[in-house]
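> Sequence plus the predicted model coming up.
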Amino acid sequence: MKKHLLIICIIILTLLELYPISRLVLIYSDNIQTKNAQECTYHLRLGNIPFCLNDNNDGFLTPKNNTQKWEILQETPKNIIALQPDGTAVKLKKANNHLIPDRLTIDEQIEIEYQKADYTPAMPYIILNPYGKTPLSALLRFRTDKPSRVQLTIKGMNSAPDLSFDYPSYSIEHTIPVIGLYPKYNNKLILKISTKNISKEYPLTIQTDIAGRDIFYFPLQKKDTENHFYSSYDGLIYDEYGFIRYALNNIPEMIYIFNGEIIAEVRQKGLTRLSILGKELQYYPYPPNFSSFTHGIGRMPNGNFLVIGTQKGTQANIEGTPQETHRDIILELDYHSGKEVNRWDIGEILNPDRSVIVRSAQKDYGAIDWLHMNSVQYDPSDNSIVLSGRHVGMVKFDYNTGHLKWVFGPKQGYNKSGREGKGPALWDKVLTAVDKAGNPLSEAIQKGIESSPNFQWPTTTHDATVLGNGYFSIFNNDAHAYDKKIIANQDSRGMIFKIDETNKTIHQVWSQSTGLFSGLGSNIDVLSDTNDIVVYLSEIIHDDSRLKYGHLYRYDHQTKQPLFEAVLHRHDNGWHYRLEPIDIKTLILSTPDFNQLTHPIIQSDFLSD
């Protein structure tokens, strides 16, 4: 034993003679070779090369025994981004007196490249598709000598009008998101820089590649020169001159383009918020055992999300038997934290055991699909929620209490309510159909088994929208109902109604036959600036070829004549669930205006029979 201890002591003394204690510290720490550990601010190993770096607070990291300094581009308490002598940027994570190589984010890479030169309006920094998801978008950066505001104009192609974006804030540093570029084209742009006194224009070009989608889009007619834009629920924006002008790729399931940001929805996981250039900003996971339906989300004035979906294990008494239901829960998720702040169970508000539009016991994907909720919207006029249920119609309930305000559809099957069927009858909540003078229509029309030239209850509805001033729109797919007496002609169309919410009456004010049938999706919208009415049929199936295509109309609201009409076909024979008008100029907002998302569209009584 003594002999072994003697040998160990001899080894230690030998090591101390060969390597001072400071050198032993470095051998233990990544085996970095240097004269003395205390002489290094940071130790770093890049690959097999060790570095001893000193920070003398002069904006550089100085390697020991090396005159070539590393320029510090950015430093935080946790990281250093430095430029090596060969011009390569490296991100280093601090760990006591060690630096650990880390991966540069896209934003950090962009910043490094931008700082390498003095970019001006005449020669700006331009990066196409900066985050790898938006091939028809770019990032533009430059500096001006004096505080200036910017207008960016994309010149129109094939006689289309120009598209201009205004950035009214005066600044010296300018970061401009460029959207609305044409695919596979050398886009011509004009950059207008204005100080308080003078303005100057600079021509630019940006060459794009394809949009990355295999889609046939063909305008059939256009009777005016207005250029409106339409966003699909899979991340595309079309103009009225036959072009895709924006594409968000590599995102699963549904994509909703709001002003200034994008929300991507994945059923089993949650929501992801992205910038208009495709940068991922925040992820909102769903609560346990909840999955969304990816048929549309709503927004609150504070930005919160209204999500429709399924809570696993939720049951209702259907035809005398407890059975699991789905697509009948609404969650409100906080915009900042993602936490659940409200939940509404529509099965407790309505009657799940109602066999009118569909048989209540009908199953889809293994659960009872009695409601098939497909849109949700907040109504600021009375602090309420409006939804569309494909198998019920339009429904409105109080935001605070969850109490039913009214239900829209054939007056049948409302003798009870609640998941166990023990709640009160809802007859007093069902809207009564009236003519223009306010006189109730016949009982047969109330029940939906007859219609008149001026009124028909929609069946298998989608996209209920609060228009303001008592107007509501909904898309009537007009599919045949379970109750064969219900009037349905497979003539899919958009419809607008005026509702007297005090007297619980409803009057049809606008409807236009298309002569086409879309059994799925579809939407109707009213343009706030012109009152034109946009109607989109999402999935029309050609009888012979089984080809699926969508059909888009923009009508003059008074004459009901189409001002624009187009067809769309995806080469995978898929379909756009919805195609909604969008003000493309709001997409550049750095801070989204959530109030605009819930602002009433119709301010006056502009519709009539």
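Yep, that arrived.

> show me where pLDDT drops low in this protein?
1-38, 66-67, 596-599, 603-604, 606-609 (pLDDT under 70).

> Please parse it into its domains.
What automatic domain parsing lists as the domains of the chain is 2-105, 117-207, 215-597.

> any idea which of those domains is most buried?
Mean neighbours per residue, mean count of other CB atoms under 10 Å, is largest over these for domain 215-597, with a mean of 19. Backbone N, C-alpha and C define where each C-beta goes, glycine included.

> Check the offset of that one from the chain's centre.
Computed by CA atoms, centre = their mean, to the nearest Å, the chain-centroid distance of domain 215-597 equals 16 Å.

> Tabulate the domains of the chain (CSV), appending distance to residue 111.
CSV is the format used below for the domains of the chain (distance: least, CB to CB, whole Å):
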stretch, distance to residue 111
domain 2-105, 7
domain 117-207, 9
domain 215-597, 13
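
> where do the strands sit along the stretch 451-600 of the chain?
461-468, 471-476, 493-500, 505-511, 523-526, 533-541, 548-555, 562-570, 579-582 (DSSP state E, counting those that start in this stretch).

> Out of these, which is closest to residue 178?
Closest approach to residue 178 among the strands of the stretch 451-600 of the chain is made by strand 579-582 (17.0 Å; CB to CB).

> by contact count, what packs against the closest one?
strand 229-232, strand 523-526, strand 533-541, strand 548-555 (3 or more CB pairs under 8 Å, 6 or more residues apart in numbering; DSSP states H and E).

> would you turn those into TSV with distance to residue 85?
Below are the helices and strands packed on strand 579-582 laid out as TSV (distance: least, CB to CB, whole Å):
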stretch	distance to residue 85
strand 229-232	48
strand 523-526	58
strand 533-541	58
strand 548-555	57
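
> now for these, which one comes closest to residue 346?
Between these, strand 523-526 lies closest to residue 346; by CB to CB that is 20.8 Å.

> Partner strands of the closest one and their direction?
Using DSSP bridges, the strands paired with strand 523-526 in its sheet are strand 533-541 (antiparallel).

> Quickly note the distance from residue 549 to residue 404.
38 Å (CB to CB, to the nearest Å).

> coming back round to it: can I get the strands of the stretch 451-600 of the chain in a markdown table including distance to residue 226?
A markdown table is the format used below for these (distance: least, CB to CB, whole Å):
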| stretch | distance to residue 226 |
| --- | --- |
| strand 461-468 | 20 |
| strand 471-476 | 21 |
| strand 493-500 | 19 |
| strand 505-511 | 20 |
| strand 523-526 | 15 |
| strand 533-541 | 12 |
| strand 548-555 | 9 |
| strand 562-570 | 8 |
| strand 579-582 | 11 |
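
> For residue 124, find the nearest of the ones you listed.
strand 579-582 (26.8 Å).

> partners of that closest one, with directions?
When DSSP bridges is applied, strand 579-582 pairs with strand 229-232 (antiparallel).

> give the contact list for residue 238.
217, 229-230, 232, 244-245, 566, 568, 579 (CB atoms under 8 Å, 6 or more residues apart in numbering).

> if we can go back for a sec, which one of the helices and strands packed on strand 579-582 lies closest to residue 110?
strand 229-232 (26.2 Å).

> Name the next helix or strand downstream of that closest one, please.
As assigned by DSSP states H and E, the chain's next helix or strand after strand 229-232 is strand 236-238.

> for residue 225, what are its contacts?
Counting by CB under 8 Å, 6+ apart, residue 225 has contacts residue 161.

> mind checking how far it is from residue 417?
Counting by CB to CB, the gap from residue 225 to residue 417 is 52 Å.

> What segments of the stretch 201-350 of the chain are strands?
So, for the stretch 201-350 of the chain - with DSSP E, counting those that start in this stretch - the strands run 215-222, 229-232, 236-238, 244-247, 254-258, 261-266, 270-274, 280-285, 290-299, 305-311, 315-318, 321-324, 329-333, 340-345.

> List the residues that contact the closest residue to residue 331 other than its chain neighbours.
Once flanking residues are discounted, residue 331 sits nearest to residue 307: 4.7 Å by CB to CB, 6 or more residues apart in numbering. The contact partners of residue 307, taken as CB under 8 Å, 6+ apart, are 265, 271, 286, 292, 297, 330-333, 376.

> I'd like those written out as TSV, with distance to residue 449 added.
Below are the contacts of residue 307 laid out as TSV (distance: CB to CB, whole Å):
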residue	distance to residue 449
265	38
271	42
286	41
292	35
297	35
330	31
331	37
332	38
333	41
376	29
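
> any idea how far residue 380 is from residue 49?
62 Å.

> ok so, going back, columns distance to residue 75 on top of the strands of the stretch 201-350 of the chain, output as TSV?
Output for the strands of the stretch 201-350 of the chain, formatted as TSV (distance: least, CB to CB, whole Å):
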stretch	distance to residue 75
strand 215-222	47
strand 229-232	41
strand 236-238	40
strand 244-247	37
strand 254-258	36
strand 261-266	30
strand 270-274	29
strand 280-285	24
strand 290-299	39
strand 305-311	37
strand 315-318	58
strand 321-324	56
strand 329-333	36
strand 340-345	38
